[in-house]
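1. Sequence plus predicted model, see below.
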Amino acid sequence: MVEKNPKYREAIKKTLLYSSIFRYPLTYYQLLNFLIIDPQKEINTKSFQYELAKLIRKQYVIVEDEMCFLPGTKYVDWTEGKRHAKALIKKNRGVFKILGKIPWVHFIGITGSGAAYNSDKESDLDIFVITRRNRVWLTRLVFAIILKGILKNYVKKGIDPNIFIDETQLEWPKQQQNLYIANEIVRMHPIVNKENMYFKFLHENKWIEKHMGNFKTHYVNPLRVKKNRFQGEILLNTIDTLLMALQRIYMRRKKTNEITKKHFIHFNKNDSTNPILEKYQEKTSTL
């Protein structure tokens, strides 16, 4: 006999409520893996399926084209959004290959609407980059030269690098460890992944499981930050520090919510975190 579990029922509702803010339906796989629930050793899938089926029978959850969503919400065209996102990723694969050749770039991932396959004609690809230690500001300059200079006519609209961190800053800042950021991380789409940096990043952000208890961040190998050893190391470190100082001066008058630290750059001029979390709290209060 299948064991009933009201916690799963509540978690399903919360997860679909959060997704409804973005007018975004979820597949069964997404619903199970992105479930907003307390940390779990292992989800009992039979109990989960039982509670989901019960919600579907009572029409608290609607299923169309294998997508789950709440009734009464106008959702985006999933098929169209997926088509735009895939086309955008495919168009820029050559660009990612070039950017991935930069020796100190360890990871490039797509975040935002592109990673969620929820793009439209006006969307670009938000890019998250992890570099070797002391290479954040140098990487930003090199990316700008490649994307806005060398490949300007090719790229035009498509790639927007808005987060740069280095391997010493893999754990997300504690004051920003919330449900919104957790969702952005788990939906991230890896494009360039050297030395298993993607899994090291997840391992250093185990706090995600406090919000999405069925998403596992474990990584078997311990994190080791390698010291850079080559003749130009000191010179490149100095260049990176100089570039940070110059770009900070340049951005001083225009700066709003941007984070411009030594090992962490985040261009979040229009930060949606608080509005989204407030909407979510308002919706869950009616459960």
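-> It's in.
2. ok, Ile165 - contacts?
-> Going by C-beta atoms under 8 Å, 6 or more residues apart in numbering, Ile165 touches 129-131, 136, 263-265. No exception for glycine: its C-beta is placed from N, CA and C like everyone else's.
3. For it, pull up the helix or strand it's in.
-> If you go by DSSP states H and E, Ile165 is part of strand 159-166.
4. in that strand, what's buried?
-> Using 16 or more other C-beta atoms under 10 Å as the test for burial, strand 159-166 gives 159, 161-166.
5. just curious, which of those residues is nearest to Thr217?
-> Nearest to Thr217 among the buried residues of strand 159-166 is Ile165, at 16.5 Å by C-beta to C-beta.
6. From Lys200, how far off is that closest one?
-> Counting by C-beta to C-beta, to the nearest Å, the gap from Ile165 to Lys200 is 12 Å.
7. Ok, Asp77 next?
-> For Asp77, the distance to Lys200 - C-beta to C-beta - is 36 Å.
8. Neighbour count for those two, which is higher?
-> Lys200 (22 against 12; other C-beta atoms under 10 Å).
9. Which neighbouring elements make contact with the host helix or strand of that one?
-> Element membership of Lys200 [criterion: DSSP H and E] is helix 197-203. Counting contacts by 3 or more C-beta pairs under 8 Å, 6 or more residues apart in numbering; DSSP states H and E, helix 197-203 packs against strand 105-111.
10. Tell me which residues are up against the strand it packs on.
-> 89, 96, 99-100, 115, 125-132, 135, 139, 163, 167, 184, 187-195, 197-198, 201.
11. Next, the buried residues of that strand.
-> 105-111.
12. same deal with stretch 172-190?
-> Those would be 172, 178-189, for stretch 172-190 by 16+ other C-beta under 10 Å.
13. so where is the protein shaky, pLDDT-wise?
-> 1, 152-157, 219-232, 269 (pLDDT under 70).
14. what's the following helix or strand after the longest helix that it contains?
-> Longest helix of the chain, by residue count under DSSP state H: helix 233-251. Later in the chain than helix 233-251, the nearest helix or strand by DSSP H and E is strand 259-260.
15. What is the neighbour count of Trp207?
-> 16.
16. Equivalent analysis for the one 5 residues further on, please.
-> A total of 24 residues lie near Met212 under the criterion other C-beta under 10 Å.
17. For it, list the residues it contacts.
-> 33-37, 182-183, 186.
18. same thing but at 7 Å, please
-> By C-beta atoms under 7 Å, 6 or more residues apart in numbering, the contact list for Met212 reads 34-36, 182, 186.
19. hey, where'd the helices end up in the stretch 51-200 of the chain?
-> For the stretch 51-200 of the chain, the helices defined by DSSP state H, counting those that start in this stretch cover 78-91, 93-100, 112-115, 136-144, 152-155, 179-186, 197-203.
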